[in-house]
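# give me a model of this one.
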Amino acid sequence: MCFSAEASFGASAIILGIGIVAIKKSTNLPQKILSCIPLVFSVQQFAEGILWLSLSHPSLSKWNKIATYSFLVFAQVVWPILIPLSVMLLEKERKNKKILSAFLIFGIILSSVLSYCLLFYKAEASISCNHIRYDLYYPIHLKYSGIFYFIPTVIPPLISSVKRFRLFGIVIVLSYIISKIFYQYYLISVWCYFAAIISIIILFIIIKLNQEAKTIRGILPV
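Below is the predicted model of the structure:
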């Protein structure tokens, strides 16, 4: 979270609760994988809470790199794979499923490239204007990787035949636009401010999918 350690830990706890409910509501493996998104958000927010403490208290500075890279691994490596995978697994239309599998492959490639950058190039975090700023010293041709990041993390929900996924995608887009306009230098951190909203939408999707499945079972002959 972009404001303080307390905000990060508080958000982590709330999102963890949403994730646990989502897991319990899930009735199959694809739903359980989707419900992992709030749980990952929770761990990511917890990592940034530790980062706040390590940046604010010299005695905890030894945790700085661990917390920085933990947050960035989730932000840059996990999401480009987990989001398209979750959408693809819940897709029912065969044609869409093939298209979504292409986005998943793209996400895997992007995650591999960003993993390489995290391993071999410098990344730093600092507190600036009551926000955490992440400075990534990647090769010049990767500085615009945010454009490529959009492909696996935003497009799959928008093209899914599961209509409620589109709301998921729209929230991601709007949250990015707001973060980019008002918090350009703290985009990575502030964008995650919307994790709770996204997590609630995921819980909503799971509940509605199960309600629809019960309705279909109820009207079909046994």
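# give the contact list for the closest residue to Ser199 other than its chain neighbours.
Excluding the flanking residues, the one nearest Ser199 by C-beta to C-beta, 6 or more residues apart in numbering is Pro38, at 3.7 Å. (C-beta placed from N, C-alpha, C; glycine too.) By C-beta atoms under 8 Å, 6 or more residues apart in numbering, the contact list for Pro38 reads Ile15, Leu16, Ile18, Gly19, Ala22, Ala195, Ile198, Ser199, Ile202, Leu203.
# one more pass at 6 Å, please.
Neighbouring residues of Pro38 by C-beta atoms under 6 Å, 6 or more residues apart in numbering: Ile15, Ile18, Gly19, Ala22, Ser199, Ile202.
# what do you get for Pro156?
Contacts of Pro156 by C-beta under 6 Å, 6+ apart are Pro84, Val87, Leu100, Phe103.
# let's go with 7 Å and repeat that
Counting by C-beta atoms under 7 Å, 6 or more residues apart in numbering, Pro156 touches Ile83, Pro84, Val87, Leu100, Phe103.
# circling back: quick one: least confident of the contacts of Pro38?
Comparing pLDDT over the contacts of Pro38, the lowest score belongs to Ser199 (88).
# so which strand or helix has the closest residue to Cys36 other than its chain neighbours?
Leaving aside its sequence neighbours, Cys36 sits nearest to Leu82 (C-beta to C-beta, 6+ apart; 6.9 Å). Here Leu82, judged by DSSP states H and E, is contained in helix 79-90.
# now what about that helix, what contacts it?
30, 33-34, 36-37, 40, 97, 100-101, 103-104, 107-108, 110-111, 149, 152-153, 156-157, 160, 162, 165.
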